[in-house]
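Peer 1: model the following, please.
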Amino acid sequence: MVLFINSFQVPAGADEQFLTQWREVNATMSVRPGYLGHRLHRALVDTTRYRFVNVAEWASADHWRDAHDDRFRALVTRPEWARFPSTPGLYDVIHDGGALAAGPR
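Peer 2: Residues are numbered from 1 along each chain as shown. Next up is the predicted model:
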């Protein structure tokens with residue numbers, strides 16, 4: 001399993017525009033082979049630099065790469081996305097403390 005983590009800079013007041021675009025991309029990616037799930041996080045404070053952070057689980061790096069086809073590229077290269085700079089990266093889990101798997105306390 002690998003994690004794709006993407007942090008987005010979303011100006012205060014632009015949440016709905018961002019979420020509309022993000023949902024469209026998520027709908028495309030969530031049906032791809034190897035997609036295991038995701039969590040989208042929103043900062044509690046509007047002055048946080050990266051107000052939204054997406055964490056998606058994929059079965060493998062190859063599955064994640066294969067999902068980036070022409071349809072995906074067409075969605076994320078639209079001019080509207082320029083308003084929301086992001087810092088994407090693919091990660092291995094090197095330590096799992098177990099607290100997340102156990103759920104809320």
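Peer 1: so where do the helices sit in the protein?
Peer 2: 15-29, 61-66, 70-76, 99-102 (DSSP state H).
Peer 1: and of these, who's closest to residue 53?
Peer 2: Taking Cβ to Cβ, helix 15-29 is the member of the helices of the chain nearest to residue 53, at 11.4 Å. Every C-beta, even on glycine, is put in place using the N, C-alpha and C of the backbone.
Peer 1: which other helices and strands contact the closest one?
Peer 2: For helix 15-29, the elements it packs on are strand 35-42, strand 52-58, helix 70-76, judged by 3 or more Cβ pairs under 8 Å, 6 or more residues apart in numbering; DSSP states H and E.
Peer 1: what sits up against the last one?
Peer 2: When contacts are defined by Cβ atoms under 8 Å, 6 or more residues apart in numbering, helix 70-76 is touched by residues 21, 24, 25, 28, 29.
Peer 1: ok, and the most crowded of those?
Peer 2: residue 29 (20 neighbours; other Cβ atoms under 10 Å).
Peer 1: residue 1: which of the helices of the chain is closest?
Peer 2: Nearest of those to residue 1, taken as Cβ to Cβ: helix 61-66 at 9.9 Å.
Peer 1: can you mark which positions in that closest one are buried?
Peer 2: 63, 64 (16 or more other Cβ atoms under 10 Å).
Peer 1: only alpha carbons, please: show stretch 60-69 as CSV.
Peer 2: Only the C-alpha atoms of stretch 60-69 are listed here, as CSV (Å, rounded to 0.1, in the frame of the first residue of the first chain):
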residue,chain,number,x,y,z
SER,A,60,0.6,0.2,-5.2
ALA,A,61,2.6,3.0,-6.8
ASP,A,62,1.9,1.4,-10.2
HIS,A,63,-1.9,1.6,-9.6
TRP,A,64,-1.6,5.2,-8.7
ARG,A,65,0.5,6.0,-11.7
ASP,A,66,-1.8,4.1,-14.1
ALA,A,67,-4.8,6.2,-12.8
HIS,A,68,-3.2,9.4,-14.1
ASP,A,69,-4.5,9.0,-17.6
